[in-house]
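Novice: only geometry, no sequence info:
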Ligand SMILES: O=C(O)CCC(=O)C(=O)O
Ligand SMILES: [Fe+2]
């Protein structure tokens, strides 16, 4: 039978929080199938407040509408720890294509310069940069409230992934305590409808490198997932309030390549501005070292 190439399914994550063990087992089963197939699914029924999602989208739309000179005051190049504004066209994620047609803004935990993660130059660890003034303060407060909700959701998603591997829900607790994660705001202006499919990208085809990514899209399409069985790109339908969950390279490695960290890209031919908010969960930066040091020497 020919393989069925379907877009990532929408799963109801509320079963994770309920007492219905049958519903929970079904969720875990569906998650496992997606992880084995192409590493992508969407979830609804999570606990991130809808109002906070709307506030984040409004805040980032406002930020990207500011003059370039204001955005550049908080340019990420002011840091070596990847926080702040990323200019339009500054990345090429797919070799041989034009620079990505997008601008971004990176946020993480507020890490002071005397924190061990900063001192020891752990991944993306240091103070954030925020725009000046009271608007900057609102942007900061909304962003950090959302950032903390995303940590909670990531822990719940990892608990589900653990169960999908027949492990206890607490299996990743050492990984999720002291976790490093990066929230990224993205803005993709519309690409000309006649732009060259072979060259023009919102974000070029790539895989994510961490454990899991939780992505909120607004209502504009453009995200696509590679389907290796047919060699086609599948559209990931924008669903208001939902999260697109995808596995990163580290998770694929942990599972001896059984779970898939898949290629994805964005081409924004909608004629509209597209905004999205990925949250990249890298976990405790010392996790691997601690695990290795627990392996008995022979
Ligand atoms: O904007 C999107 O929908 C995808 C973003 C993405 O893949 C990334 O930032 O790694
Ligand atoms: Fe990505």
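Specialist: Happy to help now that I have it. This one's a predicted model, so the numbers in the text were calculated from it and none came from an experiment. Numbering: from 1, shown residues only. Ligands and ions are numbered 1, 2, ... in the order given.

Novice: so which helix or strand takes in the residue in the chain that ligand 1 sits nearest to?
Specialist: The nearest approach of the chain to ligand 1 comes at residue 276, 3.4 Å away (Cβ to the nearest ligand atom). Heads up, the C-betas are built off the backbone N, CA and C, glycines and all. Per DSSP states H and E, residue 276 falls inside strand 274-283.

Novice: partner strands of that strand and their direction?
Specialist: Using DSSP bridges, strand 274-283 pairs in its sheet with strand 180-188 (antiparallel), strand 212-217 (antiparallel).

Novice: quick one, which of those strands is packed in tightest?
Specialist: The highest mean neighbour count among those, using mean count of other Cβ atoms under 10 Å, belongs to strand 212-217: a mean of 24.

Novice: helix or strand right after it?
Specialist: Following strand 212-217 toward the C-terminus (DSSP H and E): strand 223-227.

Novice: show me what that following strand is in contact with.
Specialist: 5, 7-8, 38, 40, 205, 215, 217, 233-236, 238, 244, 246, 262-267, 276 (Cβ atoms under 8 Å, 6 or more residues apart in numbering).

Novice: ok, of these, which come out buried?
Specialist: Those of these that meet the buried threshold are 7-8, 38, 40, 205, 215, 217, 233-234, 236, 238, 244, 246, 262-267, 276, by 16 or more other Cβ atoms under 10 Å.

Novice: what does the protein have sitting close to ligand 1?
Specialist: 184, 186, 203, 208, 215, 217, 223, 264, 266, 276, 278 (Cβ under 6 Å from any ligand atom).

Novice: can you put the strands paired with strand 274-283 in CSV and add mean pLDDT?
Specialist: CSV is the format used below for the strands paired with strand 274-283 (pLDDT from 0 to 100):
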stretch, mean pLDDT
strand 180-188, 98
strand 212-217, 98
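
Novice: just checking, which of the buried ones among the contacts of strand 223-227 belong to strands?
Specialist: If you go by DSSP state E, the buried ones among the contacts of strand 223-227 have 40, 205, 215, 217, 233-234, 244, 246, 264-266, 276 in strands.

Novice: pLDDT weak spots in the stretch 101-250 of the chain?
Specialist: Applying pLDDT under 70 to the stretch 101-250 of the chain flags no residue at all.

Novice: quick one: the helices in it?
Specialist: 116-119, 133-164, 173-176, 249-254 (DSSP state H, counting those that start in this stretch).

Novice: so can I have a markdown table of these showing mean neighbour count and distance to residue 19?
Specialist: As requested, those are exported to a markdown table (neighbours: other Cβ atoms under 10 Å; distance: least, Cβ to Cβ, whole Å):
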| stretch | mean neighbour count | distance to residue 19 |
| --- | --- | --- |
| helix 116-119 | 15 | 38 |
| helix 133-164 | 18 | 15 |
| helix 173-176 | 18 | 22 |
| helix 249-254 | 17 | 28 |
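
Novice: distance to residue 78 added to the ones you listed, as a markdown table?
Specialist: Shown next, in a markdown table, are the helices of the stretch 101-250 of the chain (distance: least, Cβ to Cβ, whole Å):
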| stretch | distance to residue 78 |
| --- | --- |
| helix 116-119 | 15 |
| helix 133-164 | 15 |
| helix 173-176 | 30 |
| helix 249-254 | 28 |
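
Novice: closest one to residue 46 among those helices?
Specialist: Taking Cβ to Cβ, helix 133-164 is the member of the helices of the stretch 101-250 of the chain nearest to residue 46, at 5.6 Å.

Novice: what angle do that closest one and strand 243-247 make?
Specialist: 60 degrees (axes from the mean of the first three to the mean of the last three Cα atoms, to 10 degrees).

Novice: use 4 as the first number for this chain going forward.
Specialist: Yes, from this point I'll number from 4; that puts the last item at helix 136-167.

Novice: chain center to helix 136-167, what's the gap?
Specialist: What separates the centre of helix 136-167 from the centre of its chain is 11 Å, taken as Cα atoms, centre = their mean, to the nearest Å.

Novice: now stretch 170-178
Specialist: Per Cα atoms, centre = their mean, the centroid offset for stretch 170-178 relative to its chain is 20 Å.

Novice: kindly report the same for stretch 108-125.
Specialist: Worked out by Cα atoms, centre = their mean, stretch 108-125 lies 19 Å from the chain centre.

Novice: which parts of that stretch are buried?
Specialist: Neighbour count says stretch 108-125 has 108-112, 114, 120, 125 buried, by 16+ other Cβ under 10 Å.

Novice: any idea how far apart the tips of it sit?
Specialist: Start-to-end span of stretch 108-125 (Cα to Cα, to the nearest Å) is 20 Å.

Novice: good, wrapping up.
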